[in-house]
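1. A structural model of the following input is requested.
(one chain, ligands or ions: 1)
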Amino acid sequence: MSSKLEIKALQKSYSQGNTCLRVLEAIDFTVGQGEFVCLLGSSGSGKSTLLRMIAGFETPDSGEIVLDGQPVTGPTAKRIMVFQDFNQLFPWKTVLENVVFPLKMKRIGASDRERRAMAAVYLAMVKLEGCEQCYPHQLSGGMKQKAAIARALALQPELLLMDEPFGSLDAQTREVLQQTLVKVWQDTGVTIVFVTHDIQEAVILADRIVILSKNNHRIREIVQNTLNRPRDPGDPLFPKMWQEVYGMLDATE
Ligand SMILES: Nc1ncnc2c1ncn2[C@@H]1O[C@H](COP(=O)(O)OP(=O)(O)OP(=O)(O)O)[C@@H](O)[C@H]1O
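-> Alright, predicted model coming up:
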């Protein structure tokens, strides 16, 4: 698998008052074209910080982030982020308009008609057909997250970055969205880096799981997920994979 994203010797600290808070140190890993990678670690291990740097929202103290051979120096539409917050959509626009608007801003599609057709394709992909004319306040949290995912995918990013997008959903809705996301990922071939602190979520979604340690700010382990897809927590092999990952996390506490 060719490397889509390369993270090289990344280091990041924040100043908090008079002290320097070290967050990430010697972070090295690659993400392959079309791969689904989860960043997992306890609270404060630097998962979101790492994702924000990959997005180009923040700069590392040292080290390099390279996408398709080009250093990341700031945000671009090649890397689109989906957040945990349900209020990512424009409240005054319909679901369809929410997907069409960024396409127009990025001059994707030759006409409004073409952009609306593109938006409808991505909304159908996340199973929101029939909701195109709804406003965000008429949607459940899960439906809002689906719309945010459709909007991100419609921009056809090189990299989809997801920061605990299902973190505020109930368990059942979360499972449905996980299945939807895996299907969309398989259909589009998009490369995904997904932050979670939920082991089950990482085991259901990821090809590989990058486990961050809060203790030394480094990567504790990169776990290859050996379970066949579609993943099912009822699979007798699922608890073994879960335990393997849990063991890595335990050692970081
Ligand atoms: N802008 C900032 N300024 C100062 N400190 C920050 C900033 N952003 C994050 N931090 C600190 O960096 C550390 C890592 O934060 P980060 O949000 O990346 O962790 P996380 O693993 O995503 O945690 P969680 O799972 O709780 O979201 C935390 O101690 C946090 O307080």
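2. burial count for the residue in the stretch 51-200 of the chain positioned nearest to the ligand?
-> Closest contact between the stretch 51-200 of the chain and the ligand, by CB to the nearest ligand atom, is at His197 (4.9 Å). In short, each C-beta sits where N, CA and C put it, glycine included. Neighbour count of His197, defined by other CB atoms under 10 Å: 16.
3. From here on, call the first residue 37.
-> In the new count, where the first residue is 37, that last one comes out as His233.
4. Enumerate the residues of the chain near the ligand.
-> 50, 52, 57, 59, 77, 79-85, 233 (CB under 6 Å from any ligand atom).
5. For the residues you listed, could you give me TSV that also reports pLDDT, secondary structure and distance to Lys250?
-> Formatted as TSV, these follow (pLDDT from 0 to 100; DSSP: H, G, I helix; E, B strand; the rest coil; distance: CB to CB, whole Å):
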residue	pLDDT	secondary structure	distance to Lys250
Tyr50	95	strand	14
Gln52	86	strand	15
Leu57	94	strand	12
Val59	96	strand	9
Gly77	94	coil	7
Ser79	91	coil	8
Gly80	91	coil	5
Ser81	93	coil	4
Gly82	96	coil	8
Lys83	97	helix	10
Ser84	97	helix	13
Thr85	98	helix	12
His233	93	coil	11
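6. just the buried members of these?
-> With neighbours counted by 16 or more other CB atoms under 10 Å, the residues of the chain next to the ligand contain buried members at Val59, Gly77, Ser81, Gly82, Lys83, Ser84, Thr85, His233.
7. What is the most widely separated pair among those?
-> Val59 and His233 (15.6 Å; CB to CB).
8. Mind listing the residues bridging to the most centrally placed residue in the chain?
-> Nearest residue to the geometric centre of the chain (CA atoms, centre = their mean): Met198, 2.1 Å. Bridge pairing for Met198 (DSSP bridges) gives the partners Val118, Phe230.
9. State the pLDDT value of it.
-> Looking at Met198, its pLDDT reads 98.
10. Quick one: residues contacting it.
-> Met198 makes contacts with Met117, Val118, Ile228, Val229, Phe230, Val231, as judged by CB atoms under 8 Å, 6 or more residues apart in numbering.
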